[in-house]
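Chemist: here's my sequence, what's the structure:
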Amino acid sequence: MAQRTSAADGFTLLEMMIVMACLSVMALIAIPAVTFEADEMVWPYRYLAAQAEAIRNSESTEMEDEEGYAGACISFDEKGYIPQAGTIHFEKDDIIMELGGGRLVFRKGASHP
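Modeler: Numbering: from 1, shown residues only. Prediction:
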């Protein structure tokens with residue numbers, strides 16, 4: 001007698017297409033939620049690079065703020081500390097520079113007057 005294969009041995013093309021459609025919809029929803037504006041990401045990288053340079057060289061370093069977000073410039077001492085705290089306002093979000101180690105805190109969805 002010949003063996004018969006049942007229809008329950010695998011997934012049908014329709015089932016696979018439904019799963020792919022669901023995954024596509026979830027990806028379309030999730031991807032914009034985790035992306036950042038370009039100017040919001042370049043500035044922290046430049047900040048951290050200047051801070052790392054001050055620590056590596058054990059000397060004071062200044063970061064020129066070419067975009068004008070933080071004012072004139074930000075200075076770091078030989079330990080990477082900043083002398084003054086501040087807040088950088090972007091279109092939708094804020095970046096807060098804390099005293100001491102110069103940590104950056106990101107505040108999403110901040111409202112500006």
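Chemist: Thr87: how many residues sit nearby?
Modeler: 13 (other Cβ atoms under 10 Å). Backbone N, C-alpha and C define where each C-beta goes, glycine included.
Chemist: helix or strand next in line after the host helix or strand of it, which one?
Modeler: With elements taken from DSSP states H and E, the one containing Thr87 is strand 86-89. Going down the chain from strand 86-89, the next helix or strand is strand 94-97, by DSSP H and E.
Chemist: mind listing the strands for this structure?
Modeler: 61-64, 73-76, 86-89, 94-97, 104-107 (DSSP state E).
Chemist: dump these to CSV, plus distance to Val19.
Modeler: Below are those laid out as CSV (distance: least, Cβ to Cβ, whole Å):
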stretch, distance to Val19
strand 61-64, 49
strand 73-76, 50
strand 86-89, 43
strand 94-97, 40
strand 104-107, 35
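Chemist: out of those, which is closest to Leu14?
Modeler: strand 104-107 (43.8 Å; Cβ to Cβ).
Chemist: to Pro44, which of the strands of the chain lies closest?
Modeler: Of all the strands of the chain, it is strand 104-107 that lies closest to Pro44, at 5.6 Å by Cβ to Cβ.
Chemist: who's in contact with that closest one?
Modeler: Residues from elsewhere that reach strand 104-107 (Cβ atoms under 8 Å, 6 or more residues apart in numbering): Pro44, Tyr47, Leu48, Asp93, Asp94, Ile95, Ile96, Met97, Glu98.
Chemist: can you flag the buried ones in the residues you listed?
Modeler: When those are checked for burial by 16 or more other Cβ atoms under 10 Å, the buried set is Tyr47, Asp93, Asp94, Ile95, Met97.
Chemist: all set, thanks.
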